[in-house]
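Undergrad: sharing a model prediction with you, sequence too.
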Amino acid sequence: MSKVGRKPINIAGVQVEVKGQDVQFKGAKVSGTYTLPNELHVEKKDDVLSIVPVSDLPKSRDLNRVWGLHRSLLANKIAGSQKPFSEEVTIVGLGFKAAAAGKNLVLTLGYSHKIDFPLSAGVTVAIDKTGQKLLFESADRMKLGEDISRLKAQRPSEPYKGTGIKKTAEEIFRKDSKKK
């Protein structure tokens, strides 16, 4: 049995309607629909949503993987509809900074040119006055992670000087310089 799939999803404060394999949700921030595969179905009781495998299917490792995956994805969608996910990113380096330009970012990262960085729909960024601390927010956890990953790829953190783009909670392993 899947240990993740068995956990119930708290839906207090969210309107949830189940229609066959589709789960429609509406929270304070976002509304949407999540479609489950045919191997799973949803049971709603009071303020708890449970995902259960179809009873006539044999128990298998693949079923457990699908069960846990879809339970986590649905739980993230419902949690994001109540309160957006946020992640703080730090840009380290002399002259490295970000600036907002409409719905995009303009990055100055030590290259000979500035980089236009488009954000996904539904992702917002708050930039402090130095331009080196960015707070990303989104109701969709996957889009948030993808945007941060693409941003970090523009100037990855390097272990010798510690410059580059990193999550604030992330710790970069520093190396000593070569010695003669």
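TA: All right, it came through fine.
Undergrad: pretty sure A139 sits against G122.
TA: Yes - because the distance of 6.2 Å satisfies Cβ atoms under 8 Å, A139 is recorded as touching G122. C-betas here are computed from N, CA, C, even on glycine.
Undergrad: comparing those two, which shows the higher neighbour count?
TA: A139 (22 against 16; other Cβ atoms under 10 Å).
Undergrad: please tell me how far the more buried one sits from G80.
TA: In this view, A139 and G80 are 4 Å apart by Cβ to Cβ, to the nearest Å.
Undergrad: mind exporting the longest helix seen in the chain as PDB, just the C-alpha atoms?
TA: In the chain, assigned by DSSP state H, the helix with the most residues is helix 61-82. In PDB, the C-alpha atoms belonging to helix 61-82 read as follows (Å, rounded to 0.1, in the frame of the first residue of the first chain):
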ATOM      1  CA  ARG A  61       4.100  -1.400  -7.200                       C
ATOM      2  CA  ASP A  62       3.100   0.700 -10.200                       C
ATOM      3  CA  LEU A  63      -0.400   1.300  -8.700                       C
ATOM      4  CA  ASN A  64       1.200   2.600  -5.500                       C
ATOM      5  CA  ARG A  65       3.400   5.000  -7.400                       C
ATOM      6  CA  VAL A  66       0.500   6.400  -9.400                       C
ATOM      7  CA  TRP A  67      -1.600   6.600  -6.200                       C
ATOM      8  CA  GLY A  68       1.000   8.500  -4.200                       C
ATOM      9  CA  LEU A  69       1.900  10.800  -7.200                       C
ATOM     10  CA  HIS A  70      -1.700  11.900  -7.900                       C
ATOM     11  CA  ARG A  71      -2.500  12.300  -4.200                       C
ATOM     12  CA  SER A  72       0.500  14.700  -3.900                       C
ATOM     13  CA  LEU A  73      -0.300  16.600  -7.000                       C
ATOM     14  CA  LEU A  74      -4.000  17.100  -6.000                       C
ATOM     15  CA  ALA A  75      -3.000  18.100  -2.500                       C
ATOM     16  CA  ASN A  76      -0.600  20.800  -3.900                       C
ATOM     17  CA  LYS A  77      -3.300  22.200  -6.200                       C
ATOM     18  CA  ILE A  78      -5.800  22.400  -3.300                       C
ATOM     19  CA  ALA A  79      -3.200  24.000  -0.900                       C
ATOM     20  CA  GLY A  80      -2.200  26.500  -3.600                       C
ATOM     21  CA  SER A  81      -5.800  27.500  -4.100                       C
ATOM     22  CA  GLN A  82      -6.000  28.600  -0.400                       C
END
